[in-house]
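Q: please work out how this folds:
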Amino acid sequence: MTAQFQGAPRSRRRVYLFIAIAAVLVLVACLLIVRFAVGGGGAVAAPTGLSASSDGATAKVAWTGVSGADSYQLVRDDNTVVYAGPDTAFIDTTAGEGKHTYTVTAESDGVVSAPSAPSDATVGQSWGEYTPLVAMLPKVLPQTPDQSGWNDIQCSWQLYAFDAEVGTDTGSGKVWGRARMACSSSSVLLSVAWLDSKEATDAVFSAASAKPGAAAIKWRYGTGYVDEANHVAFLRPDTVDDLWIAIGTDTAKKDDLLALANTLPME
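A: Reported below is the predicted structural model:
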């Protein structure tokens, strides 16, 4: 066999050499793909001990740390990354009502482990993506949809644009609201919005100041404007750049609206 190979034409020997080199390169590439895609070839071990449990409207998830891991990635329902970082526990406040499945992977030097065994948690009623807004006003807004808040208000999420963002001749055409909620009870009307920037908040309050008869006010926690004709006050807390509050009743005048605003439990 050796003699036959040595006696082969030089061009044929080059072909054999190229085929051998190509085969080696393909093998190396396959090993690298396996290493980086599924965590083989030197990757850290998959996390163990994953445990998910419900705590009312949230899910508590914890797992056992992996030696050599730089960070972890927690995934809900195979498609939503809810946490990425060095901790080995996380409280998921954005899971909607129902059953959810969690898995976690470990990462070291850019190499990702295989996923852990899954763990399930069944979450009760929650505000889901509106939870960050509710958390800004824990003593004002009901913490779950089936509860009441300040002054016995009941709330629901709201899809409604501000005048300053509607795409008309006077609007910006931009979407500035992250989340908005409308609330009411027998004695008070309340609306709150979480805006995406200080610029957005400035624009919304500028539009409020331009309403006919609008009067500037200073309330217990910040500034705002009263629209006495519509019995509503627009409030801006000094401590939060991206929060808008509207409060009113069916008949309240300026002094009554200011007094009502000052009773809001913002601490």
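Q: give me the number of residues near Y160?
A: Using other CB atoms under 10 Å, the number of residues around Y160 comes to 9. For glycine as for every other residue, the C-beta is placed from the backbone atoms N, C-alpha and C.
Q: and it, how far from P132?
A: Y160 sits 18 Å away from P132 when distances are taken as CB to CB, to the nearest Å.
Q: wait, a helix at Y130?
A: Yes - secondary structure of Y130, determined by DSSP: H, G, I helix; E, B strand; the rest coil: located in a helix.
Q: so where's this structure shaky on pLDDT?
A: Counting by pLDDT under 70, the chain shows low-confidence ranges at 1-42, 164-173.
Q: so what's D196 up against?
A: Remark: with contacts taken as CB atoms under 8 Å, 6 or more residues apart in numbering, D196 is in contact with 175-178, 242.
Q: which of these fall in strands?
A: Residues from the contacts of D196 lying in strands, with DSSP state E as the criterion: 177-178.
Q: farthest-separated two in the contacts of D196?
A: The widest separation within these, taken as CB to CB, falls between V175 and D242 and amounts to 13.7 Å.
Q: could I get the contacts of D196 as TSV with distance to L137 and neighbour count?
A: Listed next are the contacts of D196 as TSV, based on distance: CB to CB, whole Å; neighbours: other CB atoms under 10 Å:
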residue	distance to L137	neighbour count
V175	22	12
W176	19	20
G177	16	20
R178	14	16
D242	13	18
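Q: strands along the stretch 1-150 of the chain, start to end?
A: For the stretch 1-150 of the chain, the strands defined by DSSP state E, counting those that start in this stretch cover 48-55, 58-64, 71-76, 80-85, 89-92, 98-108, 111-112, 119-123.
Q: of those strands, which is nearest D202?
A: strand 80-85 (32.0 Å).
Q: run the angle between that closest one and strand 58-64 for me.
A: In this structure, strand 80-85 runs at an angle of 50 degrees to strand 58-64, with axes from the mean of the first three to the mean of the last three CA atoms, to 10 degrees as the basis.
Q: give me the contact list for strand 80-85.
A: The list of residues contacting strand 80-85 from outside it, by CB under 8 Å, 6+ apart, reads 61, 71-76, 90, 92, 94-95.
Q: and the residue nearest the centre of this protein?
A: E129 (6.4 Å; CA atoms, centre = their mean).
Q: so how far is A179 from the nearest residue to that one once chain neighbours are set aside?
A: Closest residue in space to E129, ignoring its immediate chain neighbours: T94 at 5.9 Å, by CB to CB, 6 or more residues apart in numbering. Taken as CB to CB, the spacing of T94 relative to A179 amounts to 11 Å.
Q: shared neighbours, those two?
A: Common contacts of T94 and A179, defined by CB under 8 Å, 6+ apart, comprise E129.
Q: with neighbour numbers in mind, choose between those two.
A: When T94 and A179 are compared for neighbours, A179 comes out ahead with 21 against 17, by other CB under 10 Å.
Q: may I have the secondary structure class of A229?
A: Classification of A229 using three-state DSSP returns helix.
Q: which residue is the nearest non-sequential neighbour of it?
A: Counting by CB to CB, 6+ apart, A229 lies nearest to G213, which is 5.5 Å off, once chain neighbours are set aside.
Q: distance of A59 from D146?
A: A59 sits at a distance of 18 Å from D146 (criterion: CB to CB).
Q: about what we covered before: wait, the residue nearest to the centre of the chain sits on A95?
A: No - using CB atoms under 8 Å, E129 makes no contact with A95, being 10.1 Å away.
Q: so what sits against both of those two?
A: What both E129 and A95 touch, as defined by CB under 8 Å, 6+ apart, is an empty set.
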